[in-house]
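Chemist: quick one, what's the 3D model for this:
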Amino acid sequence: MRKITSILAFLLSAPAVAYAQTAPFDMSGEREQGSAPMVPRLTLPATPAPATGPQTPSTPPTPAANPTPPFAIAPASPPAAAQPPPAQVEAPRPQTATPPPLPAVQSSLSAALRRYVVPFAKLGLDGEYDRKSWSVYITPEQAAAPAKFNFAYQNAVVVAPEASQLTVLLNNRIVGQQAIASPDAPSNVSFDVPAGLLQPGANLLTFEATQRHRTDCTIESTYELWTDIDPAKTYLSFSGQEAAKFSSTDAIRAIGVDETGRTQFNFVVPALEQPGTTKPLLRLAQGLSVLSGMPNETFSFSADALPQSGPGRMTVVVGTPAELQPFFAPPPAAQAAPLASFVTDPKSGAPVLLISGPSWPAISAAIETIVSTVDRPATAIRDTLVTQRWSAPDAPLVLSATNLTFAQLGVKTTEFSGRRFRTSFNIAVPSDFYANAYGDATVLLDAAFTQNVLPGSHIDIYVNGNIASTVPISSTGGGIFRHLPIRVTMRHFKPGLNTLSLEAILMTKEDDICVPGTTAGTTPRFALFDTSEIHIPDFARIGQRPNLAGLSGTGYPYNRATQPIPLFIDRIDSDTLSATATLLGQMAVVAGRPLDIEPAATPGAIGERDAIFIGSISQMPPAVLTQLNVATTSQASWRPPAAAQSNQTEPSVTFDDWRSKVSGGVWRGQITSFQEWLRRNFDISLSSLQFVPGSEEVFTPSNDDSFLIAQGKSAAGGSSWTIVTAPSAKDLREGAEAVTTQVNWPQIAGHITTYSSKTGKVESVPVGRFDFVASQPWSLSNYRLIAANWLSTNILSYAFLLVVLSLLIGVTTASMLSRLGRRE
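Modeler: Next up, the predicted model:
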């Protein structure tokens, strides 16, 4: 009976189920992602179902008398009461649907400004611990915009990912941290920057790497550890169009770098070849260099076209409204008064720095509104050498006896569990530094090491890559150094920036055994405290002529000029002016201020003043070349080989071939080897074994050289002259751009420095004879230090004076004893 009742109930409910399913089954909710967007369904009030007979699903619904067309929007007011309610209608779905256009606000947010942040052509983190810090200038608009940080890295295959870590910090706050595990190909990393972390102005960016070897525990294996950061894929990206706007000329500091770490200012000056425009343009170029403070800056000049914009590039348009009218429409305000502001390029939409006015005197006044913010008197004493754009913090400029803590130098307290610990910091000395032969600084070290560290470990101090001191660790039970004095010779110090490195070599029994997992140990073995100090004593201060090291270090002697500096340019064209602006811009950066330049039409108008000569070798005054010991015959013979000639095979010539040709060649070779042995082991050279320095030899540049800087004294000997020359104007521009890079600029030294575009090498000719130039008021203590350094350099003169003084003491003593005492 129960079965019969269930069958009757099922038969009675089947028509109701069939009637209820009047609409086709909708699978729109199961559509794959990425397909065409679903068209919204238009839903109208439904018609009541009839009371008789079920309706089959295949029967279409009855449309209304006036059907609503597809995609139409139903009226907001309800239908009239007399009108019968229409049946439910589904608008037909087309095969493909075009998505509606994005709103204007959304498209503007999708545009991202890319700011490359690595100011180097290459960035590598080496060893078991490495840390690089520098500052990135951010505008207020960029600080307010949502930002992401992106970088790409690749590491050595021997780096153990489970024990190695890469950390990125912004303003000393960790924003990204991950294991170093990309040996096969570069890995791209991207993360959001927390809101409010970036601030208008300078922002400190730090890359820190802790690396361990996979299998090896030796000290030598630590040199195999490296992680390279790709500058072309390391950048900050800002959302929105406001981030690309420059609201004031202070945004010049935010020009940044391109994907190769370079910064380029592109000048557009229709009146480029007019003589009256050279001085204000070069002053503007120096002001822009000091404002941006970037390490690899170049300048280019054009007279007729706006260059392409991009990251690390700034277009600077200079001229009167009449001069700029053919290709750029300046604002009406430039017709009446000086104008210096950012405007928008109507073609590219990029910001352009516009310097304009009704006349060139008005343009010069507009330039002063920019340059005056970084100008200072030549007699003003600065405390630091600005380096934060590529190495933070700024290097303190030491002028006399000074104590500096490691915390002031940017070295933080660090615990280390590896085998080789290394950290670096910067110190600057003035251009008249003269203590490279006798001076000793002292590092007062605060550090600690555990009992696992074995005797034979040591701590080394390096100055500019040269080892200056070594302290062995001889204790077997661990120890704490509290202001341990370490003498550091100052022979490797040079005017300007100096980099000091502290390296701890730590050996343990665990490393000798090197069981699996030893390299990944995290127990600290060594600790360096930021309370450590470095003491720089009083040192001799006197200028030297010539001194290209002072030029590259602080812009000496032109940084001390209180009068305009004569500048002789053979011809005013795009290449020559670009080379001049690039060189003067770099000199302004190291000098800390724009130099006051006055173009000189002829060499005779210079007189007895510190001067600069720039141009191709063929246009250089022969008298100036002769005065600086550069062969005048090079004006006709200095021609670098063409590209086709450089591929020709050169004949092989060896020293052995010439030893057989020259009489006494074997003996000369032995003498040369003996001289090298003396220099290497006792730091004794022939130049130190002479009473009077020999005369300078005339220098003839090789055809492999493509650029030359030489410095010497003027005709009367009372000032310094510097020539910057090359075989052609094109070589001059390319050479200036090459030697002013962060890698090559510190190598400029001696009496003459050359650069070869073929090999990329910078070579210097040391100074044979120099003159002292008084730079400080007369002081007995300073002259005593000067004499100490000079006698330490000229050891033969020192020995001769020592013998003479000994004889005088003996004669004086004998004379006194002959007059005193008893006589028989």
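Chemist: helices along the stretch 701-824 of the chain, start to end?
Modeler: 729-739, 780-793, 795-819 (DSSP state H, counting those that start in this stretch).
Chemist: make that the stretch 401-550 of the chain, sorry
Modeler: 509-513, 548-554.
Chemist: kindly report the same for the stretch 251-400 of the chain.
Modeler: Using DSSP H, counting those that start in this stretch, helices in the stretch 251-400 of the chain cover 278-292, 321-324, 360-371.
Chemist: residue closest to the middle of this protein?
Modeler: Pro119 (3.1 Å; Cα atoms, centre = their mean).
Chemist: excluding sequence neighbours, find me the nearest residue to Pro766.
Modeler: Gly750 (4.7 Å; Cβ to Cβ, 6 or more residues apart in numbering). For glycine as for every other residue, the C-beta is placed from the backbone atoms N, C-alpha and C.
Chemist: mind checking how far that neighbour is from Ala710?
Modeler: 9 Å (Cβ to Cβ, to the nearest Å).
Chemist: who has more neighbours, these two?
Modeler: Ala710 (26 against 19; other Cβ atoms under 10 Å).
Chemist: Lys148 touches Ala243, doesn't it?
Modeler: No: assessed by Cβ atoms under 8 Å, Lys148 is found out of contact with Ala243, at 11.8 Å.
Chemist: neighbour count: these two, which is higher?
Modeler: Using other Cβ under 10 Å, the more surrounded residue of Lys148 and Ala243 is Ala243, with 23 against 14.
Chemist: and stretch 197-215, end to end?
Modeler: 40 Å (Cα to Cα, to the nearest Å).
Chemist: for stretch 254-263, same thing?
Modeler: The straight-line separation of the ends of stretch 254-263 (Cα to Cα) is 11 Å.
Chemist: please apply the same query to stretch 521-537.
Modeler: 41 Å.
Chemist: for it, the distance to its chain's centre please.
Modeler: Computed by Cα atoms, centre = their mean, to the nearest Å, the chain-centroid distance of stretch 521-537 equals 27 Å.
Chemist: ok, now stretch 609-618?
Modeler: The answer for stretch 609-618 is 29 Å, by Cα atoms, centre = their mean.
Chemist: what lies in contact with it?
Modeler: Residues from elsewhere that reach stretch 609-618, judged by Cβ atoms under 8 Å, 6 or more residues apart in numbering: 557-558, 561, 563, 565-571, 576, 579-580, 583, 600, 603, 620-621, 624, 634-636, 638, 708, 714, 719-729, 731-732.
Chemist: what do you get if the cut-off is 7 Å, keeping everything else the same?
Modeler: For stretch 609-618, contacts defined as Cβ atoms under 7 Å, 6 or more residues apart in numbering pick out 557-558, 561, 563, 565-571, 576, 579-580, 620, 624, 634-635, 638, 719-729, 732.
Chemist: please tell me I have it right and Pro338 contacts Ala365.
Modeler: Yes: with contact defined as Cβ atoms under 7 Å, Pro338 counts as touching Ala365 (4.5 Å).
Chemist: can you pull the phi and psi angles for the residue nearest to the centre of the chain?
Modeler: Dihedral pair for Pro119: phi -90, psi 30, per degrees, to the nearest 10.
Chemist: before we move on, back to that, quickly compare the helices of the stretch 701-824 of the chain and say which is most buried.
Modeler: helix 729-739 (a mean of 23; mean count of other Cβ atoms under 10 Å).
Chemist: which residues in the stretch 201-350 of the chain form strands?
Modeler: 201-210, 226-229, 235-239, 263-268, 297-302, 313-318, 339-344 (DSSP state E, counting those that start in this stretch).
Chemist: mind putting the ones you listed into JSON lines with distance to Ser190 and mean pLDDT?
Modeler: Shown next, in JSON lines, are the strands of the stretch 201-350 of the chain (distance: least, Cβ to Cβ, whole Å; pLDDT from 0 to 100):
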{"stretch": "strand 201-210", "distance to Ser190": "15", "mean pLDDT": "96"}
{"stretch": "strand 226-229", "distance to Ser190": "14", "mean pLDDT": "97"}
{"stretch": "strand 235-239", "distance to Ser190": "9", "mean pLDDT": "95"}
{"stretch": "strand 263-268", "distance to Ser190": "25", "mean pLDDT": "96"}
{"stretch": "strand 297-302", "distance to Ser190": "29", "mean pLDDT": "96"}
{"stretch": "strand 313-318", "distance to Ser190": "24", "mean pLDDT": "94"}
{"stretch": "strand 339-344", "distance to Ser190": "29", "mean pLDDT": "92"}
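Chemist: thanks again, I'm all set now.
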